[in-house]
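> What follows is a predicted protein model with its sequence.
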Amino acid sequence: MTARPDPWADLRSLTRARIALGRAGGSLPTAEWLGFSAAHAAARDAVWAELDLDRLDADLGARGLGPSLRLASQAPDRATYLRRPDLGRRLDAASAARLAAAAPAGGCDVALLVGDGLSAGAAQGHAPALAAALAARLRARGLALGPVAAVRQARVAVQDPVGQALGARAAVVLLGERPGLGAPESLGAYLVLGPRPGRTDAERNCVSNVRPEGMPVEGAADLLAWLTGEALWRGLSGVGLKDERGLLGP
């Protein structure tokens, strides 16, 4: 008896989404259950992983950006960070002092940060390449960058006190996104104009899913550079600023 071809095979080859899982009685087939369990374990591991700052500095330095300005949020450890998102948005006292000493006298156009976020592996694996590609594009636009900051136990809004302390007109933070099943190492990038504590998420632009299976690094760098330039020119960021590159012509 000839086995019938799987009608979902072609679609599965195009996506890592969990589709047409099938069933064994009232449950999932064993292979699908094991796959789900493995993906769930990878997501949990990603959340608890720590950022290796020595390796990050080496990777940034190889691309002409290191060493980083090492900072930490007010979350003293990973467990506290996961329970207290508010502490991940604020710098500890030692980091605030280090920033004050490192701030450029005349400020800068853009503060660039790398943070662990909810997936240190994403920041470790993809942030150096994206930071270098973005820095090259911003400098080509004549924009001055502050020192690259590497922040442990970082939430998105930590870009606000860092950008403010560096006298930056805008800030961009690259950090690991909340892991998904099958996508534990996805990097996100967030732009805010006029960084200062109190900025809301509605005032930020997000470029998401930066990873080999998602948005390519070069494409993300192109979009972030365009958004940053438009934010500085128009005087706004967030919900009022959209990707209009296809509407504005070449």
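Thanks, I have it.

> wait, residue 148 sits on residue 110?
No - using Cβ atoms under 8 Å, residue 148 is not in contact with residue 110, being 10.6 Å away. Bear in mind the C-beta positions are built from the backbone N, C-alpha and C, glycine included.

> Looking at those two, which one has more neighbours?
A count of neighbours by other Cβ atoms under 10 Å puts residue 110 above the other of residue 148 and residue 110, at 28 against 23.

> helix, strand or coil for that one?
strand (DSSP: H, G, I helix; E, B strand; the rest coil).

> Ignoring the adjacent residues along the chain, who's closest to residue 49?
What sits nearest to residue 49 in space, not counting adjacent residues and going by Cβ to Cβ, 6 or more residues apart in numbering, is residue 120, at 4.2 Å.

> now do residue 222
residue 137 (7.1 Å).

> Please identify the helix or strand for that neighbour.
helix 120-140 (DSSP states H and E).

> Now do the buried residues in that helix.
Across helix 120-140, burial judged by 16 or more other Cβ atoms under 10 Å covers 120-135, 137-138.

> Next one: the residue nearest to residue 49, what pLDDT does it get?
The predicted local distance difference test score for residue 120 is 94.

> Correct me if wrong: it contacts residue 176.
Yes - applying Cβ under 8 Å, one finds residue 120 in contact with residue 176, separated by 5.9 Å.

> and for those two, which residues touch both?
Residues touching both residue 120 and residue 176 (Cβ atoms under 8 Å, 6 or more residues apart in numbering): residue 46.

> Identify the residues contacting stretch 210-230?
Here stretch 210-230 has contacts from 16, 110, 122, 126, 129-130, 133-134, 136-138, 141, 143, 170, 172, 183, 185-189, 191, 205, 207-209, 237, 241, 243-245, using Cβ under 8 Å, 6+ apart.
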